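1. sequence unknown, structure follows:
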């Protein structure tokens, strides 16, 4: 399979009416925000709605772009991070995400330990007025200023 020069990914910090955060447990990375690849010809917002629903059983509303992360190490990726509100649905695990929970903010900060996902979560929790841009490399992980 021929990969494009970069992969597009969407990720979302979803809050429910109790202000809890939606988290999924990935087989290798552990707890993280719902995320996934954008399919060819798909809009970012359509991919976001699809990925959150597929991984969690939850429908979202009012997505707002909050940050863009650029992964410079191969395979290069651009990760569009959104914030959104819970709209409908019940938590439902998937093959990719065997566990799905609503977590308090403090709990989320403790259990999201994968470095990239931890930094992404912390940035989104800061709620900047402007869209934030971050770049990083892996092997070992480090952000680029």
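-> Cool, got the structure. All of these numbers come straight from a predicted model, not from anything done at the bench.

2. all helices of this structure, in order?
-> Ranges of helices in the chain, per DSSP state H, are 44-56, 105-111, 115-125.

3. pick the most deeply packed of the ones you listed.
-> Among the helices of the chain, ranked by average contacts under mean count of other C-beta atoms under 10 Å, first place goes to helix 44-56 (a mean of 20). C-beta here means a position set from N, CA and C on the backbone, and glycine is covered the same way.

4. how about the helices of the chain in JSON lines, adding distance to residue 75 and mean pLDDT?
-> Converted to JSON lines, the helices of the chain look like this (distance: least, C-beta to C-beta, whole Å; pLDDT from 0 to 100):
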{"stretch": "helix 44-56", "distance to residue 75": "17", "mean pLDDT": "98"}
{"stretch": "helix 105-111", "distance to residue 75": "27", "mean pLDDT": "98"}
{"stretch": "helix 115-125", "distance to residue 75": "14", "mean pLDDT": "96"}
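
5. who wins for proximity to residue 25 among those?
-> helix 105-111 (8.9 Å; C-beta to C-beta).

6. who does the closest one touch, helix- and strand-wise?
-> Contacts defined by 3 or more C-beta pairs under 8 Å, 6 or more residues apart in numbering; DSSP states H and E place helix 105-111 against strand 21-26, strand 30-32, helix 115-125.

7. chain center to it, what's the gap?
-> 15 Å (C-alpha atoms, centre = their mean, to the nearest Å).

8. where in the chain is pLDDT low?
-> Applying pLDDT under 70 to the chain flags residues 1-4.

9. how close does residue 103 sit to residue 58?
-> Distance, residue 103 to residue 58, using C-beta to C-beta, to the nearest Å: 13 Å.

10. sorry, that was for residue 64
-> Using C-beta to C-beta, we find residue 64 at a distance of 17 Å from residue 58.

11. what about the two, which has more around it?
-> For the pair residue 64 and residue 58, the greater number of neighbours falls to residue 58 (22 against 12), based on other C-beta atoms under 10 Å.

12. what residues does that one make contact with?
-> Contact analysis of residue 58 by C-beta atoms under 8 Å, 6 or more residues apart in numbering lists 14, 22, 52, 86, 87, 88, 89, 90, 91.
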